[in-house]
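Colleague: Quick one, fold the following:
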Amino acid sequence: MSEAPEQPLVETADFDAFFAEQVPDRPRAALTLYGHEHVLPDSLPLLFTLQMERVQHSSDPEDVRRMLATLFGEGTLDDWAEHGMTDRQLGVVLIWSAANIRKPGAVSMQRAAELYDQGEAGKAGKAPANRAERRASTKKRKGKTPARSGARS
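Modeller: Got it, this is the predicted structure:
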């Protein structure tokens, strides 16, 4: 048995250098909350995205703590909780932050609150929030049993 000759290596792809050159040249969003200014990253960190998935199925505050630390720094959850932040306020801040990381100014605080409230209404099974959703739900009902007028046949 003879050994195969060693193949020459192809040049190693240096993603460290490549990504260092890819730093976006655009403004970053910032927010002030409880007297602290937080400058958001220029893109959503992978760890944040992974933690968001985990938090949806977890009731462990440690998961929320780790998720917030990726965007806002260590101790954020405890600081915000000590200031009396509600779950709605946390949701609004997260919606605003996620939208404005990619495109600063994309979503106002008011719009983030509306989006949060719409999401909560959907979870509670309330009426659809926009016209297209209302039309779709009306069409579904029309396909079922016909409405009665109250007149006798």
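Colleague: what's near enough to touch the residue nearest the centre of the chain?
Modeller: For the chain, the residue nearest the mean C-alpha position is Ala98 (5.1 Å; C-alpha atoms, centre = their mean). Counting by C-beta atoms under 8 Å, 6 or more residues apart in numbering, Ala98 touches Leu44. Heads up, the C-betas are built off the backbone N, CA and C, glycines and all.
Colleague: switch the cut-off to 6 Å
Modeller: Residues counted as contacts of Ala98 (C-beta atoms under 6 Å, 6 or more residues apart in numbering): none.
Colleague: all strands for this protein, in order.
Modeller: 30-33, 36-39 (DSSP state E).
Colleague: How far away from the center of its chain is the first one?
Modeller: Right, strand 30-33. Strand 30-33 sits 17 Å away from the centroid of its parent chain (C-alpha atoms, centre = their mean, to the nearest Å).
Colleague: Check stretch 54-68 too.
Modeller: 13 Å.
Colleague: ok, now stretch 48-58?
Modeller: Mean C-alpha position of stretch 48-58 versus that of the full chain (C-alpha atoms, centre = their mean) differs by 10 Å.
Colleague: Compare the strands of the chain and give me the one nearest Met109.
Modeller: Met109 sits nearest to strand 30-33 of all the strands of the chain, at 8.7 Å, using C-beta to C-beta.
Colleague: And the contacts of the closest one?
Modeller: Residues contacting strand 30-33 (C-beta under 6 Å, 6+ apart): 37-39.
Colleague: follow-up on the earlier one: quick one: closest of the strands of the chain to Glu114.
Modeller: With C-beta to C-beta as the measure, strand 30-33 is the member of these nearest Glu114 (17.5 Å).
Colleague: in that closest one, what counts as buried?
Modeller: Buried positions in strand 30-33, judged by neighbour count with 16 or more other C-beta atoms under 10 Å: none.
Colleague: quick one: which of the strands of the chain is nearest Ala17?
Modeller: Across these, closest to Ala17 is strand 36-39 (C-beta to C-beta), at 25.3 Å.
Colleague: what are the pairing partners of the closest one, and which direction each?
Modeller: In the sheet containing strand 36-39, its partner strands are strand 30-33 (antiparallel), by DSSP bridges.
Colleague: Right, I'll leave it there.
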